[in-house]
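1. got a structure for you, letters missing:
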């Protein structure tokens, strides 16, 4: 069985999910359920959004969660089952739904609580990508900026030289300016909050009660790898902890994928919009294979599995 990787924010694009909406009454029902819980017409927001509006936090995050879940349901309807699961940042919500660890409606409720609490608490910030520099070099630059009163940290380690920095607007902008002469690329991302930084701790604390009130959280039915610890989650308590804290903890995607590969996963599907994780995986483990599976056309075109799953002991 192939491992499933669930897309995060910035994978969104205008019109995503339309193919599911047009092809299935069950998909339209999930659009309507999501819109009712979220308090806005998600189909209208996704299908009419331009390149700027689609990245608004509430639209992007709710939309990615919905489309990823629709893709997972379509895969299951075609007989696919995940051998392991991991979510990239926001992708944790859809990943845990697919793993049977929480219901769709309660995962959506937690996601919306994170967004609402961020707004209520006045959380704002920025994120930026740095490509072509080592983690240690970027961390040294972050430390200098923090010493000068501009909070910024490494939020995501996507690959050895693909990093995302997060923090205050002044900190991210100053960091990007500092590294620009040495990096292959250094650019702002369309994000307006400092996810995966200590600035989000207050939000994590605020959603503890929401997670505690959920009644559907259980141990996952398939192996789930957590991006902040790159270890397998096996208990309800670990799932609750991830749902509370993932917004504030750094995401080490490189280590997560490497751990999945070491445990024998050789073929992956990117379940959700875009192909960001598919491209990223080539930088992490070149021997692995990843196919996008976020649209009906991509799912229909999936190649058959080419390699059996190997255990760690097979390579020792």
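-> Thanks, I have the structure now. None of these values were measured; they are calculated from a predicted model.
2. Residue 182 is in contact with residue 176, correct?
-> No: contact criterion CB atoms under 8 Å: residue 176 and residue 182 do not qualify, at 11.4 Å. The C-beta positions use only the backbone N, C-alpha and C, and glycine is treated the same way.
3. residue ranges for the strands of the chain, please.
-> With DSSP state E as the criterion, the chain has strands at 3-6, 85-87, 126-131, 152-159, 162-167, 185-188, 224-225, 232-233, 267-271, 289-292.
4. worst average pLDDT in these?
-> Of all the strands of the chain, mean pLDDT reaches its minimum on strand 232-233 (a mean of 93).
5. how close does residue 162 get to residue 227?
-> Separation of residue 162 from residue 227 (CB to CB, to the nearest Å): 14 Å.
6. one step back: neighbour count winner among residue 176 and residue 182?
-> Comparing residue 176 with residue 182 by other CB atoms under 10 Å, the one with more neighbours is residue 176, at 21 against 13.
7. quick one, which of residue 162 and residue 227 is more surrounded?
-> More neighbours surround residue 227 than the other of residue 162 and residue 227, with 27 against 22 (other CB under 10 Å).
8. What does that one show for phi and psi?
-> Here is the backbone geometry of residue 227 (degrees, to the nearest 10): phi -70, psi -30.
9. Residue numbering should commence at 51 henceforth.
-> That works, and once the first residue is 51, the last one we named lands at residue 277.
10. out of everything not next to it in sequence, what's closest to it?
-> Nearest non-adjacent residue to residue 277, counting by CB to CB, 6 or more residues apart in numbering: residue 301, 4.2 Å away.
11. What residues does the one you found make contact with?
-> By CB atoms under 8 Å, 6 or more residues apart in numbering, the residues touching residue 301 are 138, 139, 205, 206, 207, 246, 277, 278.
12. Bridging across strands, which residues link to the fourth one?
-> Under DSSP bridges, the beta-bridge partners of residue 206 are residue 214, residue 301.
13. That one and residue 304 touch, don't they?
-> No: Residue 206 lies out of contact with residue 304 (CB under 8 Å); the separation is 9.1 Å.
14. would a markdown table of the strands of the chain with distance to residue 92 be doable?
-> Formatted as a markdown table, the strands of the chain follow (distance: least, CB to CB, whole Å):
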| stretch | distance to residue 92 |
| --- | --- |
| strand 53-56 | 18 |
| strand 135-137 | 20 |
| strand 176-181 | 24 |
| strand 202-209 | 26 |
| strand 212-217 | 26 |
| strand 235-238 | 26 |
| strand 274-275 | 26 |
| strand 282-283 | 29 |
| strand 317-321 | 19 |
| strand 339-342 | 22 |
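15. From residue 305, how far off is the residue nearest to residue 332 when sequence neighbours are not counted?
-> Once flanking residues are discounted, residue 332 sits nearest to residue 340: 7.7 Å by CB to CB, 6+ apart. Using CB to CB, one gets 17 Å for the distance from residue 340 to residue 305.
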